[in-house]
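Asks: Dropping the sequence and predicted coords here.
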Amino acid sequence: MPPGSQARNDSAPFLIGWCIFLLLALGAGLTSSARGGFDFRSFYAAGCILRTQPSRLYDLALQQQVQTAAISKGDYPIPLLHPPYEALLYAPFTLLSYPRAYIAYLCFNMLLLLAVFFVARPMFSSTIQTWQPRPGLMIFTFYPVFAAIIQGQNSILLVLIVCLAWRELKAGRDLTAGLLLALGLFKFQIVLPLALLLAVRWGWRFVAGFAASSAAVAALSFALIGKAGVRGLARTIAAGSLAGDRSADMQRIMAIHPLAMPNLFGLVSALAGRWLSARGVFAIVALLSAATLLYTARLLRDATTSDRALALAVVCAILVSYHLYIHDLSLLLVPLALLARIAWLRTAIYILAPLIVFGYGADGLFLLALPIAALLGYKLARPLEYPSS
C-alpha cells in the first residue's frame, strides 16, 4: 500500500471522531450559548473594546458595561487577564452577535483541534490501551479539551503553538521554536516557565528566538493600548493574583477561584488557605514554584530524549502556572501523549477530571494537582520509561 494511502487510512478514525465531537460540542453550545455565561464573554467584550476604545481595554467598569449590553444582564463580569495583542483574534468575531460569535469561535477551535493532530501526528500515533486504539483518539476522550471548546477558551490554540514548537525542536530548528512559543504569551503564566525550562535544554538559539518574538508581542501590545492601557493591565494582574486580598468578594469580582485551579496555587490554597493570609499563601506558592522549577531544570539537563525533556517541562509549567483552570489542562495532552507508558497518570487525569467536575464541583479541581505533581516526584523513586524519540 502506498504511504499516502496508509496515512489516509490511519486518519479516518480521527476524522470520524472529530465529526462526532463537533456535533456534540455544537449541541452543547447551541443549548446554552444564549445565556452568555461562558468565558468567551470576556473575550467578546475585549474585542468590542479594542475596536472602539483600546486604551480602556482593562477598565473593569467598561468591561462590565459591554458584557451587560452586548451579551447578558445579571451575570458578574469576567475580567480580561490576558495581554492585549490577543484581543486582535476576537475583534473580527465581534462583528457578529454574541450567540453567533460564540458558535463561530467554537468552530474555529474545532479547526485548531484538527491542526493539532496533523501538526503533531507522530506525537499522537502511539497505541495506548483504552484511550488511543488509533491515532489521535485520546484527544476526544480528554475532558479538558471539551471544556476549552465549550467555554470558548483559547487553550487549544496554546496546544497548537506548543505542538508547532515541538516539531521545530525535533527538527533542530531551536530559533524557530522559540519564535513560535512566544506567540503563546497570551497565557504568559504557563509559557514563561515553560520557556525558561526549555532554555535550559536548548540554549541560546531558543532564547534568542523567544526573546525576539516576545519583544514583538510586547511592542504590538503597547501600540494597541498605550501607557494608560498598560497601567490598567498591571493593576488587573495585581488584583487577579489575590496576593493582597483573597476574600470571597475579590474572588467574585476578579472571577478568580483558587480551589478550582489544578496547580500549586490551588493545592496550597486548599491545604493552608484557611490559616494563612493572602500574602502567606502567595509566599509559599512562590517558594514551592521556585523549588519545582529548579528540580525540573535538573531533570531536563539529564533527560536522554527531547520528548522526555519537553514532557517534563510542560508538566512543571502547568504546576507552577499560578493561574490555571480545567480547560488549561488541554496542554497536558502533550506529556500524556509523549509519556505513553505512564498509564497510572493518564488514567488518573482522564478519570478524575470529569469525576471532580460533575461529582464534586469546580472547587475540588485542586485535587488534580496531586497526580500531575506525582509525575515529577515519580522520577525520585525510579527512572521513567519513555517511547524512543
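Replies: Done, it's in.

Asks: ok now stretch 360-372, how far from the chain's centre?
Replies: Centroid displacement of stretch 360-372 relative to its chain, using CA atoms, centre = their mean, to the nearest Å, is 16 Å.

Asks: hmm, who's touching that stretch?
Replies: Outside stretch 360-372, the residues that touch it by CB atoms under 8 Å, 6 or more residues apart in numbering are 257-264, 266-267, 269-270, 315, 318-319, 325-326, 329, 332, 344-345, 348-349, 352-353, 356-357. Every C-beta, even on glycine, is put in place using the N, C-alpha and C of the backbone.

Asks: mind listing what's buried in that stretch?
Replies: By 16 or more other CB atoms under 10 Å, the buried positions in stretch 360-372 come out as 364, 365, 366, 367, 368, 369, 371, 372.

Asks: Tell me which helix or strand the closest residue to residue 331 other than its chain neighbours sits in.
Replies: Spatial nearest neighbour of residue 331, excluding adjacent residues (CB to CB, 6 or more residues apart in numbering): residue 159 at 5.5 Å. Under the criterion DSSP states H and E, the helix or strand holding residue 159 is helix 155-170.

Asks: Pull out the buried members of the contacts of stretch 360-372.
Replies: Burial by neighbour count, judged by 16+ other CB under 10 Å, picks out 257-264, 266-267, 269-270, 315, 318-319, 325-326, 329, 332, 345, 348-349, 352-353, 356-357 from these.

Asks: can you count the residues close to the closest residue to residue 163 other than its chain neighbours?
Replies: In space, and not counting its chain neighbours, residue 163 is closest to residue 120: 3.8 Å by CB to CB, 6+ apart. Using other CB atoms under 10 Å, residue 120 has 23 other residues around it.

Asks: residues in contact with residue 120?
Replies: Contact analysis of residue 120 by CB under 8 Å, 6+ apart lists 163, 166, 167, 334, 337.

Asks: Please render those as CSV that adds neighbour count, distance to residue 179 and pLDDT to the earlier fields.
Replies: Listed next are the contacts of residue 120 as CSV, based on neighbours: other CB atoms under 10 Å; distance: CB to CB, whole Å; pLDDT from 0 to 100:
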residue, neighbour count, distance to residue 179, pLDDT
163, 24, 15, 97
166, 24, 14, 96
167, 18, 13, 96
334, 24, 19, 93
337, 25, 23, 87
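
Asks: can you put those residues in a markdown table and add distance to residue 151?
Replies: Shown next, in a markdown table, are these (distance: CB to CB, whole Å):
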| residue | distance to residue 151 |
| --- | --- |
| 163 | 21 |
| 166 | 25 |
| 167 | 27 |
| 334 | 20 |
| 337 | 22 |
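
Asks: between these, which is closest to residue 306?
Replies: The closest of the contacts of residue 120 to residue 306 turns out to be residue 166 (CB to CB; 8.3 Å).

Asks: Find the nearest non-adjacent residue to the closest one, please.
Replies: Nearest non-adjacent residue to residue 166, counting by CB to CB, 6+ apart: residue 310, 5.8 Å away.

Asks: Am I right that that neighbour is in contact with residue 198?
Replies: Yes: at 7.3 Å, residue 310 counts as touching residue 198 under the criterion of CB atoms under 8 Å.
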